[in-house]
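A.B. asks: sequence plus predicted model, see below.
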Amino acid sequence: MVGNTFGHIFRVTTWGESHGKAVGCVVDGCPAGLDISSEVIQRELDRRKPGGRLATKRKEEDKVEILSGVFEGKTLGTPISMLIWNKDVDSRPYEEIKDLLRPGHADYTYLAKFGIRDWRGGGRASARETAARVAAGAIAKHLLARFGVKVGGYAKEIAGVSCNVDGMSFEEIVEKAEKSDVRCPDSEAAKLMEERIIEARREGDSVGGVVEVIVKNPPAGLGEPVFMKLDAYIAYAVMGIPAVKGVEIGAGFEAARMKGSEHNDPIVIKNGRIGFATNNAGGILGGVSNGDDIIVRAAIKPTPSISKPQRTVNFRTMKEEEIVVKGRHDPCIVPRAVPVVEAMVSLAIADAMMLQGLIPRCLQG
Ligand SMILES: Cc1cc2nc3c(=O)[nH]c(=O)nc-3n(C[C@H](O)[C@H](O)[C@H](O)COP(=O)(O)O)c2cc1C
Ligand SMILES: C=C(O[C@@H]1CC(C(=O)O)=C[C@@H](OP(=O)(O)O)[C@H]1O)C(=O)O
């Protein structure tokens, strides 16, 4: 699968540029007979869409139109095509810098790869494209819920401020995160995070952080030996999100600092079944899910488009110049990235469940 398509059985192809007419996707391989409505998809899109005092000022409704594959509220098993119009495109700030390469964005690499680039916004590299993934991910998430698997996330860290979720249940984490503008369930940390984002914006700068996504109640046995291991597949899915610079599963990089006796999760009997006393593995051993919660963290870099002057090159004159990026940008990507990471994890898990034969191509009832 090259470039614009993700998945083996449950597959999504996205299309569209940030300043083009629309963005959208085609989901192929979704089982027939799944109850679905545009409201289910819209709910996820509303969580990702621009808006609010801590995000880009671009005003997009992100209303989804389902063009195919759904009839009388059920999936047909045929390709589901979805479209989201771009309604608030303003390319003027980009015209001024069309020959300058934005540090930290994909301007130079797209030019190096294709020799041509849509300079109106980030084109395909813009996170506008992630609206289409979230629409596809909403279907995957909804499908997983039907099989008792839940996916939820929150802002684990922003600008060096950590969120403490000790003692909170999955439901509590998700519910509290949704009520917070920064998507952090720990109200004290959330306040500090907001302050740091506002301060960065005031300085014409940006900040990064960490998104954590939890898969609750996944079946054991997901993941393929040897290369399409579940952790490898999830990392691939999440790394493909713009601005993600690192992925951890379970203890992640902390594992490198632990002893075997600390890191190994003791195997115990829980409710008459094999289970684990701790979850440093993040729910995956040998690339196969062990039935415990799957814990995924994504490191998100600070937004590249900032209004502080930066050094760059004019690729036409081949001279060094200073760039000041104007336009409408997120001072911190983390809160808006939460539903995007959830979407990519949902797509990976739904695909792995279909590969394992745990979700049939045709749903009954
Ligand atoms: C939800 C989300 C929102 C983003 N918002 C912006 C933004 O407003 N401005 C910007 O320059 N980059 C933004 N980005 C990041 C860029 O799209 C990304 O840094 C760029 O495509 C380069 O890719 P890379 O960071 O993966 O190397 C956003 C990313 C995500 C996931
Ligand atoms: C519009 C969205 O976010 C955009 C993500 C983005 C980027 O470079 O990633 C740049 C900005 O858009 P523009 O291309 O107009 O400069 C953000 O507003 C969106 O997420 O829907």
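C.D. replies: Everything's here; your move. Quantities reported herein were computed from a predicted structural model and do not represent experimental measurements. Ligands and ions are numbered 1, 2, ... in the order given.
A.B. asks: immediately after the helix or strand encompassing Val313, which helix or strand?
C.D. replies: Using DSSP states H and E, Val313 falls within strand 310-314. Later in the chain than strand 310-314, the nearest helix or strand by DSSP H and E is strand 319-323.
A.B. asks: please see if that following strand touches ligand 1.
C.D. replies: No: with C-beta under 6 Å from any ligand atom as the criterion, ligand 1 is not reached by strand 319-323; the gap is at least 12.2 Å. From N, CA and C alone the C-beta is placed, and that goes for glycine too.
A.B. asks: run through who's touching that strand.
C.D. replies: Residues from elsewhere that reach strand 319-323 (C-beta atoms under 8 Å, 6 or more residues apart in numbering): 97, 100-103, 309-314.
A.B. asks: close to ligand 2, is the longest helix belonging to the chain?
C.D. replies: The longest helix of the chain (DSSP state H) is helix 334-355. No: remark: helix 334-355 sits outside contact range of ligand 2, by C-beta under 6 Å from any ligand atom, the gap being at least 6.7 Å.
A.B. asks: other SSEs contacting that helix?
C.D. replies: helix 38-48, helix 130-146, strand 150-158, strand 209-216, helix 230-239, strand 294-300 (3 or more C-beta pairs under 8 Å, 6 or more residues apart in numbering; DSSP states H and E).
A.B. asks: what's the closest of the contacts of strand 319-323 to His263?
C.D. replies: When the contacts of strand 319-323 are compared for distance to His263 (C-beta to C-beta), Pro103 wins out at 38.2 Å.
A.B. asks: Val288: neighbouring residues, count only.
C.D. replies: 19 (other C-beta atoms under 10 Å).
A.B. asks: now it. Nearest residue, chain neighbours left out?
C.D. replies: Gly223 (4.3 Å; C-beta to C-beta, 6 or more residues apart in numbering).
A.B. asks: look up how far Arg183 lies from the residue of the chain found nearest ligand 2.
C.D. replies: The chain approaches ligand 2 most closely through Gly121 (2.7 Å), counting by C-beta to the nearest ligand atom. Applying C-beta to C-beta, to the nearest Å, the value for Gly121 to Arg183 is 24 Å.
A.B. asks: check Lys259 too.
C.D. replies: The value you get for Lys259 to Arg183, if C-beta to C-beta is used, is 34 Å.
A.B. asks: the two: which is more packed in?
C.D. replies: Arg183 (27 against 7).
A.B. asks: is it true that that one touches Pro335?
C.D. replies: Yes: with contact defined as C-beta atoms under 8 Å, Arg183 reaches Pro335; the gap is 4.5 Å.
A.B. asks: what number of residues lie near the closest residue to ligand 1 within the stretch 1-150 of the chain?
C.D. replies: Closest residue of the stretch 1-150 of the chain to ligand 1, C-beta to the nearest ligand atom: Ala127 (3.3 Å). Residues within reach of Ala127, counting by other C-beta under 10 Å, total 22.
A.B. asks: so it touches Ser305, yeah?
C.D. replies: No: Ala127 lies out of contact with Ser305 (C-beta under 8 Å); the separation is 10.7 Å.
A.B. asks: okay, and the common contacts of Arg183 and Pro335?
C.D. replies: Ala155.
A.B. asks: who's Trp85 bridged to?
C.D. replies: Trp85 has these beta-bridge partners by DSSP bridges: Ala22.
A.B. asks: quick check: it touching Lys21?
C.D. replies: Yes: taking contacts as C-beta under 8 Å, Trp85 lies within contact range of Lys21: 7.0 Å.
A.B. asks: for these two, indicate the residue with more neighbours.
C.D. replies: Trp85 (17 against 11).
A.B. asks: quick one, what contacts the more buried one?
C.D. replies: 21-22, 63, 65.
A.B. asks: kindly recompute the last result at 10 Å.
C.D. replies: 16, 21-24, 60-65 (C-beta atoms under 10 Å, 6 or more residues apart in numbering).
A.B. asks: same thing with Gly221?
C.D. replies: Going by C-beta under 10 Å, 6+ apart, the list of residues near Gly221 reads 230, 288-291, 352-353, 356-358.
A.B. asks: pLDDT and distance to Phe147 added to those residues, as JSON lines?
C.D. replies: Shown next, in JSON lines, are the contacts of Gly221 (pLDDT from 0 to 100; distance: C-beta to C-beta, whole Å):
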{"residue": "Leu230", "pLDDT": "98", "distance to Phe147": "16"}
{"residue": "Val288", "pLDDT": "98", "distance to Phe147": "18"}
{"residue": "Ser289", "pLDDT": "98", "distance to Phe147": "13"}
{"residue": "Asn290", "pLDDT": "98", "distance to Phe147": "17"}
{"residue": "Gly291", "pLDDT": "97", "distance to Phe147": "14"}
{"residue": "Ala352", "pLDDT": "98", "distance to Phe147": "12"}
{"residue": "Met353", "pLDDT": "98", "distance to Phe147": "7"}
{"residue": "Gln356", "pLDDT": "97", "distance to Phe147": "11"}
{"residue": "Gly357", "pLDDT": "97", "distance to Phe147": "12"}
{"residue": "Leu358", "pLDDT": "98", "distance to Phe147": "7"}
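A.B. asks: of these, buried ones?
C.D. replies: 230, 288-291, 352-353, 356 (16 or more other C-beta atoms under 10 Å).
A.B. asks: for ligand 1, what are the nearby residues on the stretch 251-365 of the chain?
C.D. replies: Counting by C-beta under 6 Å from any ligand atom, the stretch 251-365 of the chain sits next to ligand 1 at 301, 303-305, 329-330, 333, 336-337, 340.
A.B. asks: in stretch 8-17, what counts as buried?
C.D. replies: 9-17.
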